[in-house]
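**Student:** Give the three-dimensional model of this entry:
(2 chains)
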Amino acid sequence: MALSTVYRLIQQHEEALLAEWIKAQQRAKRRAGAGVMTQEQLASESAGFLRRFMEALASGHADTSNAAWEGVRELLGDLSRSRARQGFTPSETALFVFSLKEPLFSRMRASIKDADELGTAIWDATTLLDDLGLRTTEVNQKSREEIISRQQQELLELSTPVTRLWEGVLAVPLVGTLDSARTQVVMESLLQEIVTTGASIAVMDITGVPTVDTLVAQHLLKTVAAAKLMGAECIISGIRPQIAQTIVHLGVDLGDVVTKATLADAFRHALSRLGLHVATVAGR
Amino acid sequence: MEKIPILRMGRFLLVSIQVDLHDRVALQLQEDLTDQIVKTGAKGVLIDISALELVDSFIGRMLNNLTSMSRILDAETVVVGMRPAVAITLVELGLELGGVRTALNVERGMELLGGAAFGRSKG
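**Tutor:** Modelled structure (predicted):
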């Protein structure tokens, strides 16, 4: 059985093979100018992989999705994930596995004399390693996607702060395009803040919203309606001249929502609704 | 059978919805509330839905109906204590409860209805 041949070979030359493999990886890394990895880390990862690889080989299953390969898959998964976080590219990650081929094959050539046997052994080993290498690429890709979606989420939260302007007055400065996902976040955080602070007026400032089309207007109106259901009045402020024109040209009906040109106007309106006014102190 | 209590507080009635509103319960509530408004001559109704976690179009319509009925009997209605999730759901359903007045909690609702009258009657 060719798998057992590979297994025997690795077992016989484990230490030498490991040393050559690590050297090959370092060579490849220098060529590619890849990211930072300490030598100890590389050595321990390589040794761990080789050990588990042998365990899996001993089971005699050639299919890497078999339970016998669980250990190897797990190790490669962890490794790819941690490398993705460190900013390694997928090919650099796959190189970890592929670079084992060179030392392994030269060992095979040296110790297997029969050409047929050598061919089968190399073929078996290369299929296995290719398979595992592709697996690392896949995991690497997936973890990068996870990172991206997490960042998107963070960006979403960053861009929707709800602040208190005055006792009972909240401000929501909106920055960036308002799509349905963001509207949802804005709505949730605004309503939650209304409950916690007991605010009765909320000012939505759209100075930072680049364009207002019918969809964005609809999202704004939805938020206003939800706030109204909670017993709070909404004011939309920060409407630039172009946006006022666009809203009218599009035929968007803002209903009886109070709109103001600037946040200052909206604040003044909010204060007057609360029966307050700002005055200059006499004698100053 | 489940029944929703209607409490009299001065010139107002307080309806606190604490159970799931099935059709039967809702119809019973409509009947009880209109009876009570006529009997007590209440000028305002507060519907507290702070315990309501799930809403559908039926409940939205029912709130609208209760408001309209009270208005015909010359009592102002305020729906109070709506949870954020409920508000979002209603808006997503397209039920913005146009004719219904809303307030954050019972206290604000009282203020909206003219809390001074309540204060006097309590004292």
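
**Student:** residues contacting the closest residue to chain B within the stretch 151-284 of chain A?
**Tutor:** Taking C-beta to the nearest C-beta, chain B has its nearest neighbour within the stretch 151-284 of chain A at A:Leu191, 3.4 Å off. All C-beta atoms are positioned from the backbone trio N, CA, C, and that covers glycine. The neighbours of A:Leu191, taking C-beta atoms under 8 Å, 6 or more residues apart in numbering or on different chains as the test, are A:Ala226, A:Ala227, A:Met230, B:Pro84, B:Ala87, B:Ile88.

**Student:** which residues in chain A form helices?
**Tutor:** Using DSSP state H, the helices found in chain A span residues A:2-12, A:14-32, A:39-59, A:70-85, A:90-98, A:101-111, A:115-158, A:180-197, A:214-229, A:241-250, A:263-273.

**Student:** could you dump those helices to TSV with mean pLDDT?
**Tutor:** Listed next are the helices of chain A as TSV, based on pLDDT from 0 to 100:
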stretch	mean pLDDT
helix A:2-12	79
helix A:14-32	80
helix A:39-59	84
helix A:70-85	85
helix A:90-98	84
helix A:101-111	86
helix A:115-158	86
helix A:180-197	89
helix A:214-229	90
helix A:241-250	90
helix A:263-273	93
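
**Student:** Kindly reformat those as TSV containing distance to B:Gly98.
**Tutor:** As requested, the helices of chain A are exported to TSV (distance: least, C-beta to C-beta, whole Å):
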stretch	distance to B:Gly98
helix A:2-12	74
helix A:14-32	65
helix A:39-59	64
helix A:70-85	51
helix A:90-98	55
helix A:101-111	72
helix A:115-158	31
helix A:180-197	19
helix A:214-229	9
helix A:241-250	21
helix A:263-273	21
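
**Student:** circling back to that earlier point, mark which of the contacts of A:Leu191 are buried, thanks.
**Tutor:** Buried members of the contacts of A:Leu191, scored by 16 or more other C-beta atoms under 10 Å in any protein chain shown, are A:Ala226, A:Ala227, A:Met230, B:Pro84, B:Ala87, B:Ile88.

**Student:** from those residues, which is closest to A:Phe267?
**Tutor:** Using C-beta to C-beta, A:Ala227 is the member of the buried ones among the contacts of A:Leu191 that sits closest to A:Phe267, with 16.8 Å.

**Student:** My guess is A:Val209 contacts A:Leu174. True?
**Tutor:** Yes. Assessed by C-beta atoms under 8 Å, A:Val209 is found in contact with A:Leu174 at 5.4 Å.

**Student:** give me every residue that touches the residue nearest to the spatial centre of chain B.
**Tutor:** In chain B, the centroid-proximal residue (C-alpha atoms, centre = their mean) is B:Ile47; its distance is 2.1 Å. Shown in contact with B:Ile47 (C-beta under 8 Å, 6+ apart): B:Val15, B:Ile17, B:Leu63, B:Leu66, B:Thr77, B:Val78, B:Val79, B:Val80.

**Student:** For the fifth one, give me its contacts.
**Tutor:** In this case it means B:Thr77. Per C-beta under 8 Å, 6+ apart, neighbours of B:Thr77: B:Gly44, B:Val45, B:Leu46, B:Ile47, B:Leu66, B:Thr67, B:Ser70, B:Arg71, B:Val100, B:Arg101.

**Student:** cutoff 6 Å now
**Tutor:** By C-beta atoms under 6 Å, 6 or more residues apart in numbering or on different chains, the contact list for B:Thr77 reads B:Val45, B:Thr67, B:Ser70.

**Student:** can you list the residues of the stretch 101-250 of chain A near chain B?
**Tutor:** Within the stretch 101-250 of chain A, the positions adjacent to chain B are A:Met187, A:Leu191, A:Gln192, A:Gly198, A:Lys222, A:Ala225, A:Ala226, A:Leu229, A:Met230, A:Gly231 by C-beta under 6 Å from any C-beta of the partner chain.

**Student:** List only buried entries from those residues.
**Tutor:** Burial by neighbour count, judged by 16+ other C-beta under 10 Å, picks out A:Met187, A:Leu191, A:Lys222, A:Ala225, A:Ala226, A:Leu229, A:Met230, A:Gly231 from those.

**Student:** Farthest-apart pair in those residues, please.
**Tutor:** Across these (C-beta to C-beta), the longest gap, 16.8 Å, separates A:Lys222 and A:Gly231.

**Student:** So which bits of chain B are right by chain A?
**Tutor:** Contact residues (C-beta under 6 Å from any C-beta) of chain B with chain A: B:Met82, B:Pro84, B:Ala87, B:Ile88, B:Val91, B:Glu96, B:Thr102, B:Ala103, B:Leu104, B:Arg108.

**Student:** Output the helix or strand encompassing the fifth one as PDB, restricted to C-alpha atoms.
**Tutor:** Pointing back at B:Val91 there. Assessed by DSSP states H and E, B:Val91 sits inside helix B:84-92. Extracted in PDB, the C-alpha atoms of helix B:84-92 (Å, rounded to 0.1, in the frame of the first residue of the first chain):
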ATOM      1  CA  PRO B  84     -39.000  49.800  20.700                       C
ATOM      2  CA  ALA B  85     -39.300  46.400  19.000                       C
ATOM      3  CA  VAL B  86     -43.100  46.700  18.900                       C
ATOM      4  CA  ALA B  87     -42.800  50.200  17.400                       C
ATOM      5  CA  ILE B  88     -40.400  49.000  14.700                       C
ATOM      6  CA  THR B  89     -42.600  46.000  13.900                       C
ATOM      7  CA  LEU B  90     -45.700  48.200  13.500                       C
ATOM      8  CA  VAL B  91     -43.800  50.600  11.200                       C
ATOM      9  CA  GLU B  92     -42.500  47.700   9.100                       C
END
